[in-house]
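[1] Below are the sequence and a predicted model; questions follow.
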Amino acid sequence: MLNIFFTERVLKRMVFVAVVFLAVVSGRMTLAAEIPPDGLVLWLDAADQATIAKSDDNSVSQWADKRVATRGLFQSQPAKQPKYAVTHAASDGLPAVIFDGNDDGLLSYDFIKIQEAFIVARWSGKATEVDKGLLTCVARGGWDTIAFTTGPTPGGLVSGLFDFFIDGQQTATLTPLNNRHIVCGVRRGNTVEWEGLYLGGDRNIAKRFWSGEVYEVMVYARVLTEKERRSVADYLHAKWKVNIGDRLSGAGQSTAAAAVMTKGPYMSSFFRSGESIAFLGDSITQQGAATPAGYVSLVISGLKANGIDAVAIPAGLGGHKSDDMLARLEKDVIGKQPAWMALSCGVNDVAHGAAGIPLDKYRENVTQIVDRTQKAGIKVMIMTA
């Protein structure tokens, strides 16, 4: 059963913007709800502009954690600050933090435990360059401090304590990453605690800096299960338009992850051509399907622009509240057997005042809508802001 928890303050602020769908339209579908939260000790996202502190020339002084604003990486020296681009030409118009390969870097001196990490990055330097750091420990200790660096030969990537994968294929070198790729590192054995983290260089050692873009960083203090790893893979694949292996597992680990890698990229898409999407909602949804500028129309056209011909099933009615949508769920959604349902519900529950729906009843109604829809084999997306 879906458990839904809303405070009165949050409920009154709900405008129900189609976050997931607008991301689809812009080519960046971010189903962050699928990201396993347990053990996620650092999450940096270039698409989340609110987490990036920058100057007028777009120099980045701080990149905050997506979930905990007081956590993240910084650079106090302006000459060493990477640049931020909302739409980067070399990245197909996607947002990116850009490192110049000379001395740019972001760091933190906080202790951090690391067992598994994912980075979406692109290398723009020469293929012959080696020992250019991407994500490492701040300290200049032994080999165990290095997480991601480039290397010319097998074994030249890291200490032997991490297994590395690019788009699902195990590797010993990051040279070259001349397009966006998902890099995953899984540490064999126990979780290690680093004394600080450095992004964009190999332990701040001269001439060992990253040249290229970083799009997203996720660091876990534990080994993910196969299912969790696939969730992260799907999320990163769809958001940044990259592919990843069918199984992203840590070979040789003494812990939970499996040791088998499958061959070939994992081709995944949340939506498929021919699938139908039911849009259940109120007047926002009704008008969203009635005009070309409405969000329902934009979703369908956005998917089409990405090569996916989806079919909309409009199910929005003006003035409807959660109890009204629950009452017509079978007729307007389940009975039409869509592959997906998008739920936009709550504005009228609040806006109608005394004639609206109390919070507890709203929670119960939405829970029933989701449970019944999922029981019918229909995938559900809840739209909120």
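    Received, thanks. None of the values given here were measured: they were computed from a predicted structure.
[2] didn't Gln81 look like it was pressed against Val60?
    Yes. The criterion here is Cβ atoms under 8 Å, and Gln81 meets it with Val60 at 5.4 Å. C-beta here means a position set from N, CA and C on the backbone, and glycine is covered the same way.
[3] Which strand residues bridge Tyr198?
    Tyr198 has the following beta-bridge partners by DSSP bridges: Leu107, Thr136.
[4] Surely it touches Ala139?
    No. Applying Cβ under 8 Å as the test, Tyr198 and Ala139 come out as separate, 9.1 Å apart.
[5] Which of those two has more residues huddled nearby?
    Tyr198 (27 against 14; other Cβ atoms under 10 Å).
[6] which residues sit in contact with that one?
    Gly105, Leu106, Leu107, Gly133, Leu135, Thr136, Cys137, Val138, Asn204 (Cβ atoms under 8 Å, 6 or more residues apart in numbering).
[7] And Arg328, by the same measure?
    Arg328 touches Ala315, Leu317, counting by Cβ under 8 Å, 6+ apart.
[8] what about Ala50, neighbour count?
    Ala50, neighbours per other Cβ under 10 Å, totals 9.
[9] what about it, which SS state?
    helix (DSSP: H, G, I helix; E, B strand; the rest coil).
[10] Same check on the one 10 residues further on?
    Using three-state DSSP, the three-state assignment for Val60 comes out as strand.
[11] Which stretches in the stretch 201-350 of the chain count as strands?
    For the stretch 201-350 of the chain, the strands defined by DSSP state E, counting those that start in this stretch cover 211-220, 244-245, 265-266, 276-281, 311-316, 340-343.
[12] The stretch 51-200 of the chain now?
    Using DSSP E, counting those that start in this stretch, strands in the stretch 51-200 of the chain cover 52-54, 60-64, 72-74, 83-88, 94-100, 106-114, 116-123, 133-137, 146-149, 162-166, 169-171, 181-187, 192-199.
[13] Kindly reformat these as JSON lines containing distance to Gly377 and mean pLDDT.
    Converted to JSON lines, the strands of the stretch 51-200 of the chain look like this (distance: least, Cβ to Cβ, whole Å; pLDDT from 0 to 100):
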{"stretch": "strand 52-54", "distance to Gly377": "40", "mean pLDDT": "95"}
{"stretch": "strand 60-64", "distance to Gly377": "39", "mean pLDDT": "96"}
{"stretch": "strand 72-74", "distance to Gly377": "41", "mean pLDDT": "94"}
{"stretch": "strand 83-88", "distance to Gly377": "38", "mean pLDDT": "88"}
{"stretch": "strand 94-100", "distance to Gly377": "34", "mean pLDDT": "92"}
{"stretch": "strand 106-114", "distance to Gly377": "39", "mean pLDDT": "90"}
{"stretch": "strand 116-123", "distance to Gly377": "30", "mean pLDDT": "86"}
{"stretch": "strand 133-137", "distance to Gly377": "40", "mean pLDDT": "81"}
{"stretch": "strand 146-149", "distance to Gly377": "40", "mean pLDDT": "56"}
{"stretch": "strand 162-166", "distance to Gly377": "33", "mean pLDDT": "67"}
{"stretch": "strand 169-171", "distance to Gly377": "34", "mean pLDDT": "65"}
{"stretch": "strand 181-187", "distance to Gly377": "30", "mean pLDDT": "74"}
{"stretch": "strand 192-199", "distance to Gly377": "42", "mean pLDDT": "85"}
